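Participant: need coordinates for the following:
(chains A, B and C)
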Amino acid sequence: MTGYPDDLPFFGDEDNFVPAAPAPRQGGIAARAMAARNAAPRYLDGLNQEQRQAVETTEGPVLVLAGAGTGKTRVLTTRIAHILATGRAYPSQILAVTFTNKAAREMKVRIGVLVGEAVEGMPWLGTFHSIGVKILRRHAELVGLSSTFSILDTDDQIRLLKQLIQAEGLDDKRWPARQMAGLIDGWKNKGLAPAEIPEGDARAFGNGKGRLLYQAYQDRLKTLNATDFGDLLMLPIRIFREHPDVLREYHSKFRYILVDEYQDTNTAQYMWLRLLAQRRQADDGSRMPVNICCVGDDDQSIYGWRGAEVDNILRFEKDFPGATVIRLERNYRSTAHILGAASHLIAHNEGRLGKTLFTERSDPDDARVKVHAAWDSDEEARAIGEEVEALQSKSHALNDMAILVRASFQMRAFEDRFVTLGLNYRVIGGPRFYERQEIRDALAYFRVVAQGADDLALERIINVPKRGLGEAALRLMHDTARARGTTLLQAARDLIGTEEMKPKPRAALRNLVESFERWQGLIDRTPHTELAELILEESGYVDMWKNDRTPEAPGRLENLKELITNMESYESLRAFLEHVSLVMDAEQNDEQDAISLMTLHSAKGLEFDTVFLPGWEEGLFPHQRALDEGGRTGLEEERRLAYVGVTRAKKNLHIWFTSNRRIHGLWQSTIPSRFLDELPESHVEVVEAGGAYGGYGHSGYPGRPNPYGASRFDDASPAFSNTYSTPGWQRAQKNRNEATSRNWGSRSGHQVERIGYGETDSGYGAGRGSVKGKTIDGELVAKSVATEPSRFKVGDRVFHLKFGNGNIASIEGNKLTIDFDKAGQKRVLDGFVEPV
DNA sequence: AGGAGGATTTTTTTT
DNA sequence: AAATCCTCCT
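Facilitator: Residues are numbered from 1 along each chain as shown, chains lettered A, B, ... in the order given. The predicted model follows:
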């Protein structure tokens, strides 16, 4: 064990923000003594030459280009251990940023192993966001917040924006809050304040009110004493820029900066880093080295859609002149076949820094990458389930296997299958614990108690459980709060003393307000788990679910219990709330043996002996939307995602595609992914259908009954043809086809050869265009309905799929009132009926 | 105010 | 197909 030097003072107190203690001087007696004691530091054992260089080049800017499976995390953790062990810095003087909480956790554990307990003293190891909060809490008043500010989740954010959009007199259908949230997020990722956003962006939303809404949103956040996720990056940047003295504090504090997954940093994160790293002068006027070390792999940049700029990594040497660039190209993870497949695939991308991964493994027994075909997603899940069971019986641990999907909806088929098989599985990053309705409600109660100004939280639970405080009551509270410039809770308090409300809601409101006051009074006197239980009981929230007869109710009560249990490991309600807002994931127990199921995105950084990659079909992977919105860049990002997937596998890799997949409830035939063609034949083996997986599920052939429910491969049923011969749908079809051919026309050579691929016209039309088509359909159909005079006139006889035949009684625009023979009078949209 | 049932939309990936 | 949203009815 290479111990952390005992004689170094421990520096763990995060709140003790003193100017940095001087680091032990290099070459000083103490340092030399330590070096002697650690003559051959064991942590360097087993590193190859490049890795060792990356660990030992502690001074100056360093860029480590680390390909998949080349020991990147090991280098990072060892480097930190090295800095600590050689006495170059105290734990609190190292800033280490990761992207995910998972990665931060793992690094903590691994440094702990290398260095011993000193890792507890690394207060600045975390994600960009968690470190951002820490900085922001310290200096909140500099940006007009108080240090108890709350962090909004996406739900709150959207509700807030919706209010603002409506307040501007805009139609929130035409201008969805979700979209506005996306825009704001994008701007914040670029570090742009409302005044700085491009004019074009500002005009694009809400009849040119984009900028105004953004500003209104920020103002509102300030009065709520709240931030959103983007602010956790933006606001520290603003503080650094506007308060050089604060920035200087951090300059002298952080002696070493390390950044993981540098290829995924967005512009705001980049600015944040540069502000911290690009100091010019030390306090005594001498030039200080910028000890920043960024580790990344341009081939694994998969967060472009979130604003990540691969450019940051390509530009590193310009930003930090004199940087040492170290390449890690020796792969320790995968077989030569898997590595060969991955390299060949990623070589189809342009604009790479270019690395050549190699391995010294060569075992003739290594399996090639296997490509399998299935009829549909059910067969795919069934066959993979079988393969998993077969491996299991050959004593492979489920823990060593993973299924990596492109989109989370794909997970369901596997979950269903594994439940039937009784196979343990673990969903990683799936539907998150803290995003469940009951958990969010409970948290909203806690937020109001802990942060009385949290209007959004109060709004969320004001009528949950039902207390007769509906829209009218809420509107009154809002108006009062706005008129007096107070919080919603204060407005409620004021209102119960007046006659403005009807007696019934007023009593309910009084009851609630008094409860909150009582709970708030208990916050410092009662253990927080106890208080939490008390709140959920007294508010009637628990009873609400106890009385709920839906099948989910018991599960929800379970979740609430688990929530309370989770809270025990935090010291206060506030600490817990902070954790939750940053880490939306509850920790999972990886004790028992289970196969992992997750998206490709959340698989980055992990590895498994056996990996299954289902759903390699055009439109799904590469995803149609990535293609439509990102063009060539989008395609390349998808390819990098495929590369990430392939390189997760150590020994066995199975890739699957199906001929049919259900998209939005409709079966579509699909074309195998172009990425399959980009795999090198020498490393791939195509597993013939038939054999073990042959006879399944080809139930759609005409003449055979389909045991799996309706399928469009059966001859179209009357109901089916009815639905799809409505004029609205036909118009949609026509538009879709036009849109599709436009797409094809504008595409470049690469796709042309694909056309011949899918011989079935349904594969081409339905599979490809459908996603895009739908979006376009929506608009075109809506427009034509709105502007054209109705195709019908009063008295027409029409047919409706659900209600049968009837006569049109009256027409308003595209809405028809129809007297149905059987169903009586109904109002129905024009597109849903057809003339008889 | 609240519920029922019909209409509409949804799914890419995440801190 | 399922979840959410909306409208109308009680």
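Participant: remind me which residues of the stretch 401-550 of chain A are low pLDDT?
Facilitator: Across the stretch 401-550 of chain A, the ranges flagged by pLDDT under 70 are A:430-432.
Participant: which residue ranges of it form helices?
Facilitator: Here the stretch 401-550 of chain A has its helices, by DSSP state H, counting those that start in this stretch, at A:411-421, A:437-450, A:455-461, A:471-484, A:488-495, A:503-522, A:528-538, A:541-546.
Participant: how about the stretch 551-700 of chain A?
Facilitator: With DSSP H, counting those that start in this stretch applied, the stretch 551-700 of chain A shows helices at A:553-567, A:573-582, A:600-603, A:624-646, A:674-677, listed in chain order.
Participant: touching the last one from outside, list them.
Facilitator: By that I understand helix A:674-677. If you take C-beta atoms under 8 Å, 6 or more residues apart in numbering as the criterion, helix A:674-677 is touched by A:345, A:371, A:616, A:618, A:621-622, A:638-639, A:642, A:655, A:657, A:750, A:754. Quick note: C-beta positions are derived from backbone N, CA and C, even for glycine.
Participant: between these, which is closest to DNA strand B?
Facilitator: Each of these was checked against DNA strand B using C-beta to the nearest atom of the strand; the closest is A:Glu638, at 7.7 Å.
Participant: export the helices of the stretch 551-700 of chain A to CSV and tack on mean neighbour count, distance to A:Tyr332 and mean pLDDT?
Facilitator: Listed next are the helices of the stretch 551-700 of chain A as CSV, based on neighbours: other C-beta atoms under 10 Å; distance: least, C-beta to C-beta, whole Å; pLDDT from 0 to 100:
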stretch, mean neighbour count, distance to A:Tyr332, mean pLDDT
helix A:553-567, 16, 36, 84
helix A:573-582, 20, 32, 84
helix A:600-603, 21, 18, 91
helix A:624-646, 20, 16, 90
helix A:674-677, 20, 25, 93
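Participant: output these as CSV; include the columns distance to A:Ile808.
Facilitator: Shown next, in CSV, are those (distance: least, C-beta to C-beta, whole Å):
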stretch, distance to A:Ile808
helix A:553-567, 44
helix A:573-582, 53
helix A:600-603, 50
helix A:624-646, 39
helix A:674-677, 49
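Participant: closest to A:Asp228 out of those?
Facilitator: A:Asp228 lies closest, by C-beta to C-beta, to one member of the helices of the stretch 551-700 of chain A: helix A:573-582, at 10.2 Å.
Participant: ok and the residue in chain A nearest DNA strand C?
Facilitator: Across chain A, no residue is closer to DNA strand C than A:Gly665, which sits at 3.2 Å (C-beta to the nearest atom of the strand).
Participant: thinking again about what came up before, of all the helices of the stretch 551-700 of chain A, which lies closest to A:Phe316?
Facilitator: Closest approach to A:Phe316 among those (C-beta to C-beta): helix A:624-646, 18.4 Å.
Participant: which stretches of the stretch 251-400 of chain A form strands?
Facilitator: Per DSSP state E, counting those that start in this stretch, the stretch 251-400 of chain A has strands spanning A:256-259, A:292-296, A:324-328, A:369-376. These are given in chain order.
Participant: distance to A:His683 and mean neighbour count for the ones you listed - can I get that in CSV?
Facilitator: Formatted as CSV, the entries for the strands of the stretch 251-400 of chain A read as follows, by distance: least, C-beta to C-beta, whole Å; neighbours: other C-beta atoms under 10 Å:
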stretch, distance to A:His683, mean neighbour count
strand A:256-259, 33, 23
strand A:292-296, 26, 25
strand A:324-328, 22, 18
strand A:369-376, 6, 22
